[in-house]
Every structure is written in C-alpha cells, then in structure tokens.
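Asks: Provide a 3D model corresponding to the input given below.
(one chain, ligands or ions: 1)
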Amino acid sequence: MNTIKLPIDFENRMKAILQDDYEAYIASFNDPASKAVHLNTNICSVDRLLKDFGDDFELLPYSDNGFISHMEKIGSHPLHHAGVLYSQDPGALMPVCSIPYEFTDKDIVLDMCAAPGGKSSQLAIILEKAGAHLVSNEINKSRNTILRSNMERMGYHNQLITNMDSEEIAASFPGVFSFILVDAPCSGEGMFRKYPESIDEWSVSNVEMCSQRQKEILDNVLKALRPGGYLLYSTCTYSREENEDIIHYLLDNYDLELVPLRDRIMNYSTALGNEPGAHFFPHLAYGEGQYMCLLHSTNARSEDVSNYSYREYTPSLPKAGKNIVKIIKEAINQDFIDTLNLYIDKDNIYSIDPYPYMLPRKSISRLGVYMGTIVKNRFEPSHMFFKIYGSKLSNVIDLSSNTDMAIKYLKGEELYFENAPKGYGAFSYYGGILGGFKSAGGRLKNHYPKGLRNNN
Ligand SMILES: C[S@@+](CC[C@H](N)C(=O)[O-])C[C@H]1O[C@@H](n2cnc3c(N)ncnc32)[C@H](O)[C@@H]1O
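Replies: Residues are numbered from 1 along each chain as shown. Take a look at the predicted model:
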C-alpha cells in the first residue's frame with residue numbers, strides 16, 4: 001500500500017507529464033528500488049564474473065557491463081574493494097550506456113559534475129580501453145574527496161581530477177574536450193523512491209533555481225568543447241524546466257544538433273511527444289528516474305574531433321633525481337620504475353605521464369599517480385601505488401579462489417604465506433588489486449589503509 005506523500009504541485013506536474021501512466025508511476029513507489037553494479041571489463045570479463053557469481057548478478061539488457069545486483073553488503077565484498085565492481089543505480093548507468101560514439105586515443109573527455117564517480121567510472125573503463133584521457137571534475141570539496149577515493153579504489157590511471165566551478169573549467173580548458181558529460185545538479189525528482197527525505201526539499205522555486213544553474217554550467221562548459229565535439233546532458237529529474245527546456249535553450253543559442261541514442265536504450269526510454277531527449281521512468285525502466293540527451297557541435301564536421309592536434313604538457317614539479325629513483329628501485333625491485341616519469345614534491349613522489357593539454361595551475365586534486373614518500377632515505381609506497389602498479393610487482397598473490405583470506409586482508413589482518421619472497425607485493429582478486437603488503441619470513445605485513453578496512 002502506497003504511503004508516499006508527494007507535494008500537490010509535484011503531483012500535478014507529473015500528471016501533466018505522464019497522463020494515463022501517472023497511476024503506474026505512483027504504484028512504482030511500492031516496488032523496492034533495485035540495485036546495480038558495473039564491472040571493470042578491462043580487468044575481469046563478464047563471463048568470469050557470471051561463472052563464479054551468477055546467482056548474484058544479472059546482466060542489464062542495455063549494457064555491456066552493467067548488472068542488477070542481488071549481493072548483500074556489496075560494499076564490504078572483495079570485488080568492491082578490488083575495484084572490479086562499482087555500485088550504481090540501474091537508471092544512473094543508462095546515460096553512458098547510451099553513447100553511440102566510439103572513443104579513440106585522440107579523445108579528451110570531461111565529466112563536469114563527477115562525484116561520487118559512477119559515470120566517471122563507466123567512462124574510465126571505456127576510455128582506458130581506447131587510450132583516451134578523462135578529466136573528472138567535482139565542485140564540492142568533500143564530494144571531491146569521495147570521488148578521488150572511488151577512482152583510486154577502481155585503479156584508473158589515465159585521469160586528472162579537478163575541483164573547479166564551470167567558469168574555471170572554461171578558463172582552464174578552452175576548446176580542449178571532444179566529449180563533455182554534464183550530469184547536472186538537479187531537483188532530484190527521480191530519486192524520491194530511493195531517498196524519500198529529498199521530497200521535503202522539492203519546490204517549484206527550487207526547480208527554477210536548478211534550471212538557472214544548469215544553464216550557467218552549460219554556458220561555461222561549452223567554451224571547453226572542441227568544434228565537432230559531443231555534449232551528453234543528464235539529470236535525475238523529470239521537470240521540463242531542467243530537461244527539455246534546457247535542450248531547447250542549447251539548440252536555440254549554440255551550434256548544436258541532436259544525436260539519436262543507441263537503439264538498445266530506446267526500449268526503456270520515453271520521449272515526451274516530439275520533445276528532445278529520453279526519460280527513464282521507474283514504472284517503465286530499471287532503477288530510478290533519469291533524463292538524458294546527446295548533442296553534437298556543428299561548428300565543424302564530426303571527423304574534426306579526431307583531427308585535433310595537441311601538444312603534451314608536463315607538470316612544473318622538479319623531476320625525481322637519480323638518487324631518488326635508485327631508492328625507489330631498491331624498495332620495489334622492479335625495472336618498470338625506469339619507464340615512469342617521476343616527479344618530486346617535498347618528499348612525495350608522483351608518476352605523471354604527459355598530459356594532452358595545458359595543466360591548470362590550481363584546483364587540481366589528483367595529478368598522475370601518487371607513488372609514496374621518501375622517509376629517511378627509504379621509499380614508503382602509497383596505497384595508490386599498489387592500486388595502479390601492484391600488478392607489475394613480481395610478488396602478486398591472487399586470492400580469487402580464497403575469498404576468506406581476502407576478507408581477512410580487508411579487515412587488516414596479517415596473513416602468512418610460507419614461500420612469499422621478501423619485500424613488497426600485492427593481493428589481487430578477480431583481476432583487480434586489493435592492496436599491498438610487505439613480506440618477511442612468510443609474514444605479510446598488511447598495508448591496507450586503516451580507513452578503508454572492513455570493521456565487522
Ligand atoms: C547528479 S550529481 C553527479 C553524480 C555523478 N555524475 C555520478 O554519476 O556519480 C551532481 C553533482 O554536481 C555538483 N554540483 C553542484 N553544484 C554545481 C555547480 N554549480 N557546478 C558544477 N557542479 C555542481 C554536485 O556537488 C554533485 O556532485
């Protein structure tokens with residue numbers, strides 16, 4: 001029996017949008033919200049996951065790597081900690097699944113409103129495969145920290161994370177991006193079933209305020225779009241002011257045209273008459289409410305996106321000297337260290353590949369890979385080092401067939417492997433890295449950060 005209390009203005013607006021479907025929409029509040037995950041297919045195949053966890057996950061029909069999840073407490077499972085899976089609402093998965101565009105190594109992509117990181121993670125998987133580059137931006141400082149931590153957990157390397165508003169993005173990256181996702185802050189009408197407390201924050205004036213803010217973000221961010229680039233706009237709300245009206249505003253004021261979404265997504269989406277974009281309603285699709293629309297800049301022909309010529313920019317930090325590299329190599333005992341571009345900032349060491357654009361001077365929250373710290377002429381590797389480079393170590397212990405052991409590691413316990421060689425190593429699980437250890441005499445000192453451990 002539905003007990004949800006919706007504001008009368010909201011009900012009237014939804015009746016106008018949904019008409020005969022309104023009752024079905026209201027009835028959907030009685031259904032439990034479903035949960036989903038996406039899989040990092042660069043490290044674990046769909047077949048492998050389903051072979052061993054077939055009872056827990058069902059592949060979503062509109063996705064290559066998204067699943068409905070039946071797994072309890074997934075946030076403490078090793079698949080989560082190893083960055084094999086990212087939990088995400090099934091509706092929130094759709095915008096990235098809808099992209100009909102094949103990325104190449106010439107692409108530089110911006111996720112403008114990225115935290116907590118679900119869509120950035122989906123993009124990073126596709127972009128890593130293509131050798132393309134991702135900038136994930138989040139304006140809110142504490143949400144930016146969550147974004148960073150999620151991206152570290154997933155182990156993506158080819159990524160810059162920034163903490164900018166849209167004006168700073170426009171000034172820092174003029175005409176740089178071939179593809180921009182704006183998953184805009186919105187009035188969140190699509191989330192009422194999952195987060196009923198958000199209903200109290202809803203008002204017509206808030207919808208209007210959100211609409212203004214969305215236009216402002218888009219006006220700025222479009223200055224960072226390359227001629228011939230793509231803009232994917234999405235929200236988790238239903239209001240016309242924040243969706244169709246925004247698209248009309250863009251079409252009226254910029255050289256943009258609509259791009260049809262991939263067929264596989266159309267079966268679950270609803271357009272309002274001849275209006276642009278696709279809605280996902282909880283009574284017709286999986287998960288919570290979403291809206292999305294893909295646009296293409298007509299300033300140049302689409303081929304020009306890949307003909308963009310760029311120079312590579314390295315950071316202004318000093319390069320790590322020979323003595324520092326020697327210390328790191330002694331600790332890690334691996335030649336791949338020689339192939340890295342190592343920089344030093346105080347005692348902190350970063351591995352930074354050249355960036356295909358001018359690096360901004362400030363508001364960067366992740367640049368390259370934080371390798372670790374030099375303490376008293378010794379190198380102490382960071383968790384990020386293990387996450388990104390752990391698979392290159394000679395001592396990688398695969399715990400895929402020993403989930404109990406992986407769980408012990410995630411609780412911070414010391415593990416014992418009689419034949420483990422002395423020195424640093426990493427535990428892997430279904431292709432992802434859980435974290436590091438240091439072995440001596442078969443005892444593996446646990447390097448999993450205290451703040452990330454499972455406590456129960
Ligand atoms: C819908 S959430 C993004 C969800 C994210 N894309 C994901 O898939 O995990 C919108 C984000 O926009 C951010 N935001 C709020 N105001 C903003 C503004 N004025 N400019 C840019 N981003 C803003 C919020 O902090 C929030 O993290």
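
Asks: Could you tell me which residues within stretch 171-184 count as buried?
Replies: Taking 16 or more other CB atoms under 10 Å as the basis for neighbour counts, the residues of stretch 171-184 that come out buried are 172, 173, 176, 177, 178, 179, 180, 181, 182, 183, 184. Placement of C-beta: from N, CA and C, glycine included.

Asks: distance between the ends of that stretch?
Replies: Its start and end residues considered, stretch 171-184 measures 20 Å (CA to CA, to the nearest Å).

Asks: That one and the ligand, are they touching?
Replies: Yes. Between stretch 171-184 and the ligand, judged by CB under 6 Å from any ligand atom, the touching residues are residue 183.

Asks: Could you check how far that stretch is from the centre of its chain?
Replies: Between the mean C-alpha point of stretch 171-184 and the mean C-alpha point of its chain there is a distance of 16 Å (CA atoms, centre = their mean, to the nearest Å).

Asks: hmm, back to that, cross the buried residues of stretch 171-184 against helices and list the overlap.
Replies: Using DSSP state H, the members of the buried residues of stretch 171-184 that fall within helices are residue 172.

Asks: Pick out the residue in the stretch 251-400 of the chain sitting closest to the ligand.
Replies: Closest residue of the stretch 251-400 of the chain to the ligand, CB to the nearest ligand atom: residue 290 (10.0 Å).

Asks: isn't that residue right next to residue 90, touching?
Replies: No. The criterion here is CB atoms under 8 Å, and residue 290 misses it with residue 90 at 9.5 Å.

Asks: Which one of those two is surrounded by more residues?
Replies: For residue 290 versus residue 90, the count of surrounding residues by other CB atoms under 10 Å is larger for residue 290: 30 against 27.

Asks: For that one, give me the pLDDT.
Replies: Residue 290 is assigned a pLDDT of 96 by the prediction.

Asks: Quick check: beta-bridge partners of it?
Replies: Applying DSSP bridges to residue 290 gives these bridge partners: residue 280.

Asks: quick one: it from residue 279, how far?
Replies: Relative to residue 279, residue 290 is positioned 7 Å away (criterion: CB to CB, to the nearest Å).

Asks: coming back round to it: cross the buried residues of stretch 171-184 against strands and list the overlap.
Replies: Among the buried residues of stretch 171-184, the members falling in strands (DSSP state E) are 177, 178, 179, 180, 181, 182, 183.

Asks: chain center to the one helix or strand in the chain whose mean pLDDT sits lowest, what's the gap?
Replies: Evaluated with mean pLDDT, DSSP states H and E, the helix-and-strand set of the chain has its lowest mean pLDDT in helix 263-266, which scores a mean of 84. Once both centres are worked out by CA atoms, centre = their mean, helix 263-266 turns out to sit 22 Å from its chain's centre.

Asks: May I see the buried residues of that helix?
Replies: Quick answer for helix 263-266 (16+ other CB under 10 Å): residue 265.

Asks: So what touches it?
Replies: Judged by CB atoms under 8 Å, 6 or more residues apart in numbering, the contacts made with helix 263-266 from elsewhere in the structure are 61, 62, 94, 97, 98, 278.

Asks: Report pLDDT for the closest residue to residue 341 other than its chain neighbours.
Replies: Once flanking residues are discounted, residue 341 sits nearest to residue 352: 5.5 Å by CB to CB, 6 or more residues apart in numbering. Looking at residue 352, its pLDDT is 93.

Asks: measure residue 352 to residue 164 for me?
Replies: Going from residue 352 to residue 164 by CB to CB gives 19 Å.

Asks: Compare those two (neighbour count), which wins?
Replies: The neighbour comparison of residue 352 against residue 164 (other CB under 10 Å) goes to residue 164, with 23 against 20.

Asks: hey, where'd the helices end up in the protein?
Replies: Listed in chain order (using DSSP H), the helices of the chain are 8-18, 22-27, 46-53, 78-81, 94-97, 118-130, 141-154, 166-172, 204-221, 244-253, 263-266, 322-332, 383-389, 403-410.

Asks: Off-centre distance for the longest strand anywhere in the chain?
Replies: Of all the segments of type strand in the chain, defined by DSSP E, the longest one is strand 225-235. The chain centroid and the centroid of strand 225-235 are separated by 17 Å under CA atoms, centre = their mean.

Asks: Tell me what angle that strand forms with helix 204-221.
Replies: Taking axes from the mean of the first three to the mean of the last three CA atoms, to 10 degrees, one finds strand 225-235 and helix 204-221 inclined to each other by 160 degrees.

Asks: wait, does strand 225-235 contact the ligand?
Replies: No. Under the criterion of CB under 6 Å from any ligand atom, strand 225-235 makes no contact with the ligand; the nearest approach is 7.3 Å.

Asks: and what of stretch 357-366?
Replies: No. Judged by CB under 6 Å from any ligand atom, stretch 357-366 stays clear of the ligand, getting no closer than 12.5 Å.

Asks: Please list the outside residues in contact with that stretch.
Replies: Residues from elsewhere that reach stretch 357-366, judged by CB under 8 Å, 6+ apart: 108, 144-145, 148, 151, 159-164, 168, 172-173, 176, 310, 313, 315-316, 367.

Asks: Compute the first-to-last residue distance for it.
Replies: Here stretch 357-366 reaches across 15 Å from its first residue to its last, counting by CA to CA.

Asks: buried stuff in it?
Replies: Using 16+ other CB under 10 Å as the test for burial, stretch 357-366 gives 357, 359, 360, 364, 365, 366.

Asks: Which of those sits closest to residue 22?
Replies: Proximity of the buried residues of stretch 357-366 to residue 22, judged by CB to CB, is greatest for residue 365, which lies at 43.3 Å.

Asks: correct me, but residue 421 touches residue 394?
Replies: Yes. Residue 421 lies in contact with residue 394 (CB under 8 Å); the separation is 7.1 Å.

Asks: before we move on, the earlier item: format the helices of the chain as TSV; extra columns: distance to residue 294.
Replies: Supplementary listing: the helices of the chain in TSV, determined by distance: least, CB to CB, whole Å:
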stretch	distance to residue 294
helix 8-18	21
helix 22-27	25
helix 46-53	25
helix 78-81	30
helix 94-97	9
helix 118-130	13
helix 141-154	23
helix 166-172	19
helix 204-221	14
helix 244-253	10
helix 263-266	10
helix 322-332	44
helix 383-389	31
helix 403-410	39
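
Asks: Right, I'll leave it there.
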